[in-house]
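> Got a predicted structure here, sequence first:
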Amino acid sequence: MLLQIIKKIKQIIIASGIMFILINIFSSQLFAAKPVTGIAGVTPGSLRVASIAGALESQIINVVNGTGIFSIINPNLLKDQLTRYKCTEEDCILAFAGAADVNLIIRADVEDKGNSIIFNIYSYSINAPYFGKIVYKYRAEIPVKGLSLSAQVYNYIAEEHAVNFTVGLLRRYRSQIFIKVNNNEPAIDQDYGPSGVYDLYRYENNPSSKDNIRIIKKIGRISLKKDKIDIISPGGFYLQDNDFIFAAYDKKADYMENFFYAGKREMVFGKKPMTDTSMLFFLTVPMSALMPVIAPLGYYRTGDFTGLSLWAVNSLPYLYIEYRGLNSRFGFSRKREFYKDDSPDHSRNATIRYRFGLYMLFCGGMPLVIDALTGNLLYLASGFQGVQPYIGNTPSAVYLSLISGGGGHFYKGHRLEGYMYFHAHNILLYMSLKEFASGSGASRNGHKKKAYAYLGGLGLLKAIEIAHVLFVKDNIRNGKLLEETGGFEPAVYGSDTGPSFGGQYVYRY
Amino acid sequence: MKKKRMLNMNKNYPAFSIQIKVFFAVLIFVLLSVKSAFAQAEIAPKGVAVFGVRGNNAADSALTADSVEYAKKIFTDCGRFIPAGTREIEAAYNMAAKEPGADEKNLYYKTAAILNLDIYILADVRQLGTIIYSDIEIFSLKNEYKHMEKRIRLRSRLKLNMPLKIGREIALLHKDIPVRANVIKAFGDNLYLIDAGEWHGIRNNAVYKLQDCDMRAVQTGRYESVVKILPVKETGESIKIKIFPDTDKIIGELEEDISRNTIGMYGLDTQGNSEKRLLAGICVVNMGGNLCFPGYGAFLSTSYLGIKDAKPDMAGVTLSATAIVLQFLLPELMTGFKVNFLPWKQDPDKTDRMHDLQKFLWATIPITFSVAYLDQLAFQFNVKEHVPPFFIDKDNAAAVFSLFLPGGGLFYKGHRLAGWSFYFSEMLTAGYGIYNCDKKSGKYSLFTLGAIKLIDIVYAYIVSPSYSFYNLEKERGTAAVSINMGIRKNQDGDNIYNIMITKNL
């Protein structure tokens, strides 16, 4: 009985797969050179996310189609076939893809988490070296709290995640391209010949071509130039019919990523005048001086309690030094430290604290004000909430990095790096101030040398920080990447003689 | 005509050249129904079916269907038993139903047997009053899974949570279950095809432990792998691969989702501003309220968090008012009302240590105000069935509250008695330490204060919240007898304190 059921199911799937192939053939959809790709739809987790699921589906189709790498089969037909045969489970879709000779299958679902939405996008490949495995799984959480979500914004968000997914897919996907040997003349089985240096692979004889999974063995390296195939491995080897290479699409992925980032940057930042930077220059001293008030109020206003906690922990030691340093000279409280203890050590420490206090007062507090004030603007920018003022200006980022520690990174939305530079800058500055104020007589020179060493370190740090801030992108990426898996380890293949190791790697968050 | 319509449908997609050889290959494929040469054309062998027992009404049936779908998702996440599809189950069920004399439960067994499953599950979800109950029964068809057979009863007040709670139980069932695979084919050279692949957690070229030897995955597919095993294996032989599912991660995510849904239901109605309002309430509103009406002002300030028709807990009001009055009058009481009431004035009767104590007591008045506020809030949260702001990150939030306020985290989690105990302990040790700071006993007292503070913070972090409506959502269903305590209101608005004992029958 069981066999009957399985047989019936097989028949249905094979029949639907065949019908599908015929439909595609008659509608001139097959393209042998490009990997045939099916997009099996996006399942919404609730009614609320149905519209964004629809937007995600059309954006995945548009973006994957726009790469020019894949040959997309008609998504409406595919969905119709799968729904008609209740083929919605993963294994059934894969079986369908296998029967219909679809190389790559993409499916997705959208989870509703109240204040956020989660996109799960999966891609599977039927061909070697995947044999049905997941090529790339993209899982991202998109916060929707405090955003005005129109259909247009949904489309923008969906487009960004479709691009992110496609970029990840292109970085991992390897397309199998065969070499045909006719009359000892090898030729690449591709309408357009890829060029470059490739590893060449061959199937082992056992398991054979009758089996579902084959073992792949690396044979050597070849060079392809306009259909001309040269063997470049030392010792050489003979090319055989159906040897193959894996084509990679990393460059296309980089191009897509940069292209989309540039477009989004222009959309959410607009053109920023230099007057923004000059305004920042004039506001530096008052904003820095009022940092202990402005920063917590800024975090409170936007409800950024993580930022508030980080600010409290990270700023407290410097605020303490600032308070004691300035109090020792100007005496806010009745106990004026500077005069309370006249010992040389105390006087020297008070001087160091005073000088550091002045730095904190005039510009040292600026990075934390920037973090408090720009965090929400960057959040709105990442959620496509129109053009945001004040942020996205490179000269402003450089100026902030120049005058203080981590200001430019905070400005661009990189809090971790910002705090690292903030602490490193403050510690080096404090140490150099300490050495300048230390020693007398013979020991003075030794301390001065140390002070210049610290100043040199600070200068080096500034150079690195400014170069880094110019290099780093504004953090306007929508949502948070929760999980990223690469299912492909192309450089490690087993054979009878043991595994062959290559130099590529798979990274996983 | 049909062909023309199809072409029109496809006009948005690039047209490509037909390859005749593909066409012929397909024709041969159709005519002979030969097994596909393409990979993964086989349907993967199924391991589990989840049957939803038909409910008495449409709402129960919908609840059951949701739960069944979610259970299948968790089986997939755990990667041990491939869930049978709806279509397969329907076909097998219809076949089983044709046999005479089968009652409903027997039908499920027969359906599972036809599908040659490892285990099957019956899920019965129904709503009784405000509570949704779910009975989950796990049956095994194979001896190696007999230990999984059990019956679990779950309950929840939220429809969204029931599938998640069922999912959590299913994930827990997977703890320590290795992959069991069958040798499908032997290729020679110690190479075998087995019916476990990436879906089950097997990675390319990794080496895994079997019962008596090692196994190397030479090439994996989604549901199958070619592996190398040195001892000879027969086709059909079962092997146990020692890989275990990461159930902790799955359960952690489910717990988070259950909390999120519960907070969504029982959160404060302040248009998403409850966190800001709590901080403003503590720092500004409550301070003013307590200055005007010590103790009672704390209750009045609770309305700022959107709590409607609240009634004060007079025991809490009295206790906090007493604490405030005591802080003002303690130096007077200790000196027989001889010293100046104001801390910034030191008269001859006010010794330095008494002056220090008085300054401490006055300086910590805002702390007592805040504790009084948290106490009233804890009462209102229990009675009005709300969870406090920041509850999605409740443990860290409680630790932070305890860091700044004595017993703050315990009030935050609803443990008022423990909160007050920590408050009085910390205030007494701090006051005694300051009063005797030049003596050894004073220093010991301050040291004790540090220890109590540390315990306060750690305890606030680890203790479970006392809110019964929240605990109901988080509870597991394995306990045969469960005890619940709570406060609710009757029709007249009076508080009813209840203790419930429930037993699974």
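Perfect, I can see it now.

> How are the strands of the stretch 301-450 of chain B distributed by residue range?
Counting by DSSP state E, counting those that start in this stretch, one finds no strands in the stretch 301-450 of chain B.

> Residue numbers of it in contact with chain A?
Counting by Cβ under 8 Å from any Cβ of the partner chain, the stretch 301-450 of chain B comes close to chain A at B:390, B:400. To be clear about C-beta, it is placed using only N, CA and C from the backbone, and glycine gets the same treatment.

> Tell me where the model's unsure across the stretch 351-500 of chain B.
For the stretch 351-500 of chain B, applying pLDDT under 70 flags the ranges B:478-500.

> now with 90?
Regions of the stretch 351-500 of chain B meeting the criterion pLDDT under 90 cover residues B:351-353, B:392-393, B:437-441, B:474-500.

> what's the answer for the stretch 301-450 of chain A, then?
For the stretch 301-450 of chain A, residues meeting the criterion pLDDT under 90 lie at A:301-306, A:309, A:313, A:324-351, A:375-376, A:379, A:382-393, A:435-450.

> Could you double-check that residue B:229 lies in contact with residue B:190?
Yes. Using Cβ atoms under 8 Å, residue B:229 makes contact with residue B:190 at a distance of 6.1 Å.

> Those two: who's more crowded?
residue B:229 (21 against 16; other Cβ atoms under 10 Å in any protein chain shown).

> For the residue lying closest to residue B:463 once chain neighbours are set aside, give me its contacts.
Spatial nearest neighbour of residue B:463, chain neighbours left out: residue B:413 (6.0 Å); criterion: Cβ to Cβ, 6 or more residues apart in numbering or on different chains. By Cβ atoms under 8 Å, 6 or more residues apart in numbering or on different chains, residue B:413 lies in contact with B:394, B:398, B:460, B:463, B:464, B:465, B:466, B:467.

> Then residue A:166?
Contacts of residue A:166 (Cβ under 8 Å, 6+ apart): A:60, A:63, A:64, A:67, A:253, A:256.

> is it true that it lies in a helix?
Yes. Secondary structure assignment places residue A:166 in a helix (DSSP: H, G, I helix; E, B strand; the rest coil).

> how near is it to residue A:125?
In this view, residue A:166 and residue A:125 are 14 Å apart by Cβ to Cβ, to the nearest Å.

> Check residue B:53 too.
39 Å.

> These two: which is more packed in?
residue A:125 (32 against 18).

> Near chain A, which residues of the stretch 51-200 of chain B? Just list them.
Counting by Cβ under 8 Å from any Cβ, the stretch 51-200 of chain B sits next to chain A at B:76, B:82-83, B:85-88, B:91-92, B:95, B:114-116, B:185, B:187-189, B:191, B:193, B:197-198.

> and with 10 Å instead?
For the stretch 51-200 of chain B, the contact set with chain A under Cβ under 10 Å from any Cβ of the partner chain comprises B:72-73, B:76, B:82-88, B:90-92, B:94-96, B:98, B:110, B:113-116, B:160, B:184-185, B:187-193, B:197-199.

> Can you get me a residue count around the closest residue to residue B:385 other than its chain neighbours?
Among residues not flanking residue B:385 along the chain, residue B:469 sits closest, at 4.8 Å (Cβ to Cβ, 6+ apart). Other residues near residue B:469 come to 20 when the count uses other Cβ under 10 Å.

> again, but for the one 4 residues further on
One way to gauge burial is a neighbour count; for residue B:473, by other Cβ under 10 Å, it gives 23.

> what's the neighbour count on the residue lying closest to it once chain neighbours are set aside?
Of all residues not flanking residue B:473 in the chain, residue B:262 sits nearest, at 4.4 Å (Cβ to Cβ, 6+ apart). Residues near residue B:262, counting by other Cβ under 10 Å, number 25.

> Helix, strand or coil: sort out residue B:262 for me.
Assigned state for residue B:262: helix (three-state reduction, three-state DSSP).

> repeat for residue B:127
strand.

> quick one, what contacts it?
B:55, B:56, B:57, B:59, B:60, B:63, B:133, B:156, B:157, B:159, B:162 (Cβ atoms under 10 Å, 6 or more residues apart in numbering or on different chains).

> May I have the beta-bridge partners of it?
Legend: beta-bridge partners of residue B:127 under DSSP bridges are residue B:132.

> pretty sure residue A:238 is touching residue A:231, no?
Yes. If you go by Cβ atoms under 10 Å, residue A:238 and residue A:231 touch, sitting 8.8 Å apart.

> what's the overlap in contacts for these two?
A:186, A:219.

> Same drill for those two, tell me which one is more crowded.
residue A:231 (17 against 10).

> who touches the more buried one in this structure?
A:186, A:200, A:219, A:220, A:221, A:222, A:223, A:237, A:238, A:239 are the contacts of residue A:231 under Cβ under 10 Å, 6+ apart.

> again, 7 Å this time
A:220, A:222, A:237 (Cβ atoms under 7 Å, 6 or more residues apart in numbering or on different chains).
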